[in-house]
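Undergrad: Quick one: sequence and predicted model below, then my questions.
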Amino acid sequence: MQNHQNRPQKRKTKNRQMFKQAAWFLTPSLLLLLIFFIGPIIMTLFFSFTNLSLTGVAAQNIQFVGFQNFVQLFKDPKFFSSFKNTLIFLLFSGIIGQQVLGFLLAVLMKNKHKAFRKIVGGTVMAGWVTPELIVAIIFVSFLHDGGTLNRFMAGLQLQPISWLFTFPMVSVVVANIWQGSALSMLMFQSALDGIPNDIEDAAKIDGATAWQRMWKITIPMIKSTIFTNLVIITLSTLGVFTLLYTMTGGGPSGATSTLPVLMYEQAFVNYQLGYGTAISLIILGIGIILSLGYIRLLKTED
Amino acid sequence: MKNKKTSSALAYIVLTLIAIIFVIPLLWVFVASFDANATQVLKMPEHFTLTNYQEVITDRGNQQAFLNGLFLSGGQTILVVLFSLLAAYPLSRFPLKNKQKLLMTILFMTSLPITAVMVPVYQLFTFFNLTDSLVGTLLFLTASSLPFGIWMMKNFMDGVPIELEESAWIDGASKLSTLYKVIVPLMKSGMYTVAIFTFIGSWGNFFVPYILLSSPKKLPASVTLFQFFGQYGYAAYGQLAAYSVLYMLPTFILYYFSQNHMSKGFNMGGAAKG
Amino acid sequence: MNKQKTLIGLLIGSALLLAACGGGSGSDQQDNTEGGKVLQVSYPSWWEDWFKDLEKDFEAANEGVDVELIPLYDDTTTKQAIMMQSKDTAPDVAIEDTFILNSDVNAGYLSSLDDFVNNWDDWSNIEETTKEGVKGEDGSIYGVPFSTDVQGLWYDKKIFDQAGISVPFEPTNWQDILDAAEKVHAANKETIPLFLYATKSTGEATSMRTFQVLYSGTGSELYDWEAGKWVIDENALTDTFTFIQDVYQNDLGPSMSVASNSQIGTMLAEDYMQNGGVAMVIDGNWVSGSWREGRAKPWLDALDTWDFIPFPTQTGKDPKYTSMSGGWAFSIPKQADNKALAEKFIQMAVDEEHQLGYVTQTGDMTVRTDVAKNEEYLNQPVSNYKEAGEILQYSHFRPAVDDYPTVSTHIQEVVESVASGNATPEQAVKAYHAGLERIVGADNIMKK
C-alpha cells in the first residue's frame, strides 16, 4: 500500500479502475434499490404534500396541498398518542426488553453446561424463528380471556384478566420481547465469548465484585456490540406492523396504535393516501434521527 | 466457593424458568394441532387426531399458497445473499470516496417500515405493469431487505482478513474470482446469517404480497394464513394450529441447518461498527 | 459439511421447482387476453358459497367461459379500489358497497351502466329506492343492486318473559328500551341486556348500526345534501352519545373486551343469541339468515325465541320508527377487459331465480319487486321478511360522499371513547366536531 503513495499517476488510474469495479459489484443492488426503494421514497416525499386518495375525486385529480397534511397531523390527537405509543413500544419492547433480556441470557449462560445452553438457547431462538404472524396468533390464544394464561391463573385462584384488553400495551410488548430477544442474546453471546478469560480472572484476583466486573470490564469491552444491537433493534422495532395489526389492530381505543398502524389506517382504511404518506415520512424521520443519535453517541464515547 | 455454587445454581434456575416461559406459548400451537377439540387453552388432547393436518394439507389452495410462499421467500433470500455479497465487497475493501455516507444512507433505509411505502410501490407497479406479478413482488421484496443485508454483509466481510486476498491479487486473480474463491468460503457463516434473517422476515410478511398480488392462485401462505385466522381463527383452533405448525416448518428447518453458522456469523460480526 | 450440502441442494432444488411453478402461474395471465374467455369476479369472501353457485351456473350457460373468482378478505373495499386502478388487476365484475360507490365513481373506477340497464327488461323489476343508491352525482347508473337490509331491534322473548317484561315488546322511545334493559339486568346478571356495536374493531357496524340508527332517530341528519355540508347538531349528538353511555356505563351493555372483539358479530349469532347470553341486539334483519340450514350453527326454531322489531325514534315522534339500510351492487370497472360478458353475468346474478337463491342463502332482503311478493320468499324458514319489509319505509341511507369513510372511522373512535368511559357525551360532541373540522374543513360544516 505504501509505495502507491509515491506514484500518484499510477494511483489515479488504479483508483479509476477500482471505481469501475466497485460500480460493477454494486450495480444489481443499486439498481433494485433505486427502482423499488428510493423511487417509492421519493414518491412518498411527493405524495405527502398532496391530497392523493384511494377513492373519490382526489383519486384521479391529485392536488398539491403544501403542508396541509402535516398541519392536519399536528392537530390530530391520534397522531400524538400514536407517536407516544411508538416510543413506548420501542423503548420497552426493543431497547429495554430485548436488549436487557438478551444480555441477561447471554451472561447467565456463559460457562454453563453445553447441553443446557443448547436447550435454553433453543427455546429462546424458537421465538425468533417463529414468523411474526404466528407469534401474533400464539399470543392472542395465550392471552385470550379463555386462554392458557387465564386458565393457569384460575388454578392459582386468581381472577381472570382480559390481557389484550386491560393491558394491551404490555401484551404486545411481551410478544415482541418473546420474538426478538434471541437476536440480542446471540450478539451478546458472541461478544462475551470474545472477552479473554484472563482479564476477568485478573479482576477477580484484585477483589472486584461480580457487579464491578460487569460495569468496569464487561460492558466497556462489548460497547460496540451494544450499539450495533441498539441500532438494529431500534430500526426493526420502529417498523413493527404485522404483530400489532394481527394482535390488537391498534386497539382498544388506540392504546396500541403506533405510527405504522396509524399510517395503515389513514391510507388503507380511510383511503387518504397523501395523509398516510405524510405519516410514513415522519416514521422515516424518527429512524434517521435515532440512528444519527446513536452514532454520535458512539463516536463521542470513543 | 460456596457462594459461587449458589450463584451458579441460581443462574440455572433463572434460565430454566425463562426457557419454560418461552416455551409455553409455543407449546399450545403444537398440542392443539393434534387435538380434535382444540380450544385456546393448552391441554392434553382427549382425542388425538391428524385430521387437522389432513384438512390443511389436502387443500389445493393451501398447497399452491405454500409453493408461492417458498418461491417468494426462497427467491428473495437467494437474491439478497447474492446481491448483498457483491455490494459488500467494494464497500468493505475499496477506499471509496463518500463510502461512509453511502453506508449511512443504506442504514437509514433499513429503518423504513415497508408498510410505509406500499402506496407508492403499488403505483410504481401499475406503472411498470407489474401488479399481480410474482416476479415483480419478488424483486420488490428483495430490494426491501437489501439495505439490511448489505449492511450486515459488509460488517461480516470486514471481519475477514484482507491479507489472503492480497496474495490472490498478486497471483493475478480478478476481483470477482478472489471474492468467490477466497472470501466466500470464509464468509459462509455470514451468508447463512443474512439468509436466515431475510427468510424469516419475508416468510411472516403478509402485507406486501396482499397489496401487490390479487389472483388467489398467486397468494403466498402468509396471506392465506392471515385470511384463515381472520375468518376461522375464532372457531377452528385445531386447524389454525395445524396450519401454523406447517407454516413454521420452513423457518425451523432453515434454522436447524444454519444454527452453527449463525453463532459463528455473529462472532464475526461481533466487532461490527455502527 | 454434509448438512450444508443437503441444505444447498434443497434450496436450489426448490428454487428450480418454484421457478417452474412461477412460470406456470405467469402463463395463466395470457388466457385473459386471448379471446375473452375468462371472466374475473371479485367479491367479499363472506359470499363464497353464493358466488360458487353463480360460477357454476354461468359456466354451464356459457360454454367456453371460465369464471375466475377472486374472494377478498379484510378491508375489501380498499383492496378492490387498488385492483381497479390497473388494467392488469381490475376484475370484470366488482362488488360495490353503496356507501363507497359514489366515491369510486368520482375516482373514475367504474363504467356507466346507462346503456346496459336501459336495454334490459329486467331492470324495471328492481326496487326504485335501491336504484337511488347506485346513481352517481352525474345522474348515471353505476351499479346493479342485489342486496339490501334494514336495522332493527332483536330481542329474546324468553328472557323478557323471565324478567317480567310483557311480550310482544313494543318500545315507542329510547327510554322504553333502557327500562327493559334495566329489568333484564335486575333479573339476570349473566345476560348482556343490550348489545350495541360500539368499538372501532367492529368498524362500520359501530358507525351505521349503532350511531346512525340512534342519530337518525333524533330527527337530525349527518349531512345536508342541499347545502352540501356536514351537520353539527349538538343536541342530537349529545343525546345519541348519552344513550350509548347509559348502556355501557350502567352495566346494560357488554364488557368492553367483548365489544372489542372484531368477530363479535359472528359470535352473537352463533353463540350469545343461541345460549341466552344477550337479551337485545341492534342489528340487521339478516341475523336470522345465519340460523338457517346449512350454516355453521343452524337453529331452525330461532324465531320462537327471537323477535325482530322496528327501532323507535328517540321520543316516539313521527314517523315513530327509524332504521338504516346498507346495500350492495354489481359494478363493472372502467378497466375491465370483458364488459359484455360482465353484463351477461350481472343479468344472470340478479334474475328472479338467482335473487331468490341469494336471499335464501344469506337472509338479506331482496331488491326485486317480484321476489318481494313471492310466497316462497316470504315464507322461508327462519326469516322475517315481512317485518323487514315493513321497516324499509322508515329507513335512512348513509351519506355517500367522498369524505364519508374517514368521517365514519372518526365516528367509531368517538363512540368507543364514550362506551369505554373515556369521554363524556359533551366531550364526545366536541371531539366529533374537532375531528370533522380536521377531515372536511370548517367551511364544509354547518351548525343546526
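TA: Looks like it arrived, so ask away. Numbers count the residues shown, from 1 in each chain, chains lettered A, B, ... in the order given.
Undergrad: Just give the number of residues close to C:Asp53.
TA: A total of 16 residues lie near C:Asp53 under the criterion other C-beta atoms under 10 Å in any protein chain shown. Where C-beta positions appear, they are placed from N, C-alpha and C, glycine not excepted.
Undergrad: Am I right that it is in contact with C:Glu353?
TA: No - using C-beta atoms under 8 Å, C:Asp53 makes no contact with C:Glu353, being 10.7 Å away.
Undergrad: can you list the domain ranges for chain B.
TA: B:1-49, B:60-269 (automatic domain parsing).
Undergrad: The first one vs chain C: in contact?
TA: Pointing back at domain B:1-49 there. No - using C-beta under 8 Å from any C-beta of the partner chain, domain B:1-49 stays clear of chain C, with a minimum separation of 12.8 Å.
Undergrad: Just checking that domain against chain A, any contact.
TA: Yes - judged by C-beta under 8 Å from any C-beta, domain B:1-49 comes into contact with chain A at B:7, B:11-12, B:14-16, B:18-19, B:22-26, B:28-29, B:32, B:39-42.
Undergrad: Can you tell me the closest non-neighbouring residue to the residue sitting nearest the centre point of chain C?
TA: Nearest to the geometric centre of chain C sits C:Gly326, at 5.8 Å (C-alpha atoms, centre = their mean). Using C-beta to C-beta, 6 or more residues apart in numbering or on different chains and skipping the chain neighbours, the partner closest in space to C:Gly326 is C:Asp149 (5.6 Å).
Undergrad: repeat for C:Ala388
TA: Of all residues not flanking C:Ala388 in the chain, C:Asn285 sits nearest, at 3.9 Å (C-beta to C-beta, 6+ apart).
Undergrad: now do A:Ile219
TA: That would be A:Ile226: by C-beta to C-beta, 6+ apart, it lies 7.4 Å from A:Ile219.
Undergrad: Show the pLDDT at that neighbour.
TA: At A:Ile226, the model reports a pLDDT of 86.
Undergrad: what does chain B put close to chain C?
TA: For chain B, the residues in contact with chain C (C-beta under 8 Å from any C-beta) are B:67-68, B:70-71, B:74-75, B:78, B:122-123, B:125-126, B:129, B:131-135, B:188, B:210-211, B:214-218, B:226-227, B:230-231, B:233-235, B:254, B:257-258.
Undergrad: Quick check on these: which are buried?
TA: Neighbour-count burial within those applies to B:67-68, B:70-71, B:74-75, B:78, B:122-123, B:125-126, B:131-134, B:210-211, B:214-218, B:226-227, B:231, B:233-235, B:254, B:257-258; the criterion is 16 or more other C-beta atoms under 10 Å in any protein chain shown.
Undergrad: isn't the residue nearest to C:Gly326 right next to C:Val287, touching?
TA: No - applying C-beta under 8 Å as the test, C:Asp149 and C:Val287 come out as separate, 9.8 Å apart.
Undergrad: For the two, indicate the residue with more neighbours.
TA: Per other C-beta under 10 Å, whichever of C:Asp149 and C:Val287 has more neighbours is C:Asp149, with 26 against 21.
Undergrad: Look up how far C:Thr360 lies from that one.
TA: Distance, C:Asp149 to C:Thr360, by C-beta to C-beta, to the nearest Å: 15 Å.
Undergrad: Check A:Val107 too.
TA: 67 Å.
Undergrad: Repeat that for C:Ile100.
TA: 27 Å.
Undergrad: mind listing which of the residues of chain B next to chain C are in strands?
TA: The strands, defined by DSSP state E, take in nothing from these.
Undergrad: Point out where the chain drops to low pLDDT.
TA: Using chain A here. Where chain A drops to pLDDT under 70, the residues are A:1-15, A:18, A:300-302.
Undergrad: hm, I was asking about chain C
TA: Chain C contains residues with pLDDT under 70 at C:1-36.
Undergrad: and the helix or strand harbouring A:Ser181, is it in reach of chain B?
TA: Taking DSSP states H and E as the definition, A:Ser181 sits inside helix A:168-193. Yes - contact between helix A:168-193 and chain B, assessed by C-beta under 8 Å from any C-beta, occurs at A:178, A:186-187, A:189-191, A:193.
Undergrad: and after that helix, which helix or strand comes next?
TA: Helices and strands here follow DSSP H and E; after helix A:168-193, the next one along the chain is helix A:197-205.
Undergrad: Pull that next one out as PDB, backbone CA atoms only.
TA: Output in PDB follows, covering the C-alpha atoms of helix A:197-205 (Å, rounded to 0.1, in the frame of the first residue of the first chain):
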ATOM      1  CA  ASN A 197     -10.900 -15.000  30.400                       C
ATOM      2  CA  ASP A 198      -7.600 -13.800  31.900                       C
ATOM      3  CA  ILE A 199      -8.900 -10.200  32.100                       C
ATOM      4  CA  GLU A 200     -11.800 -11.300  34.200                       C
ATOM      5  CA  ASP A 201      -9.500 -13.600  36.300                       C
ATOM      6  CA  ALA A 202      -7.200 -10.700  37.000                       C
ATOM      7  CA  ALA A 203     -10.000  -8.600  38.100                       C
ATOM      8  CA  LYS A 204     -11.300 -11.300  40.300                       C
ATOM      9  CA  ILE A 205      -7.900 -11.600  42.000                       C
END
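Undergrad: What pLDDT is listed against the residue in chain B that chain C sits nearest to?
TA: Nearest residue of chain B to chain C (C-beta to the nearest C-beta) works out as B:Phe71 at 3.7 Å. Looking at B:Phe71, its pLDDT is 95.
Undergrad: surely it meets B:Leu134?
TA: Yes - with contact defined as C-beta under 8 Å, B:Phe71 reaches B:Leu134; the gap is 6.4 Å.
Undergrad: quick one on the thing from earlier: which strand or helix spans the residue nearest to A:Ile219?
TA: helix A:223-238.
Undergrad: Flag every residue of the stretch 151-300 of chain A that's near chain C.
TA: A:162, A:164-166, A:249, A:251-254, A:265, A:268-272.
Undergrad: OK, contacts around A:Gln159?
TA: A:Met153 (C-beta atoms under 8 Å, 6 or more residues apart in numbering or on different chains).
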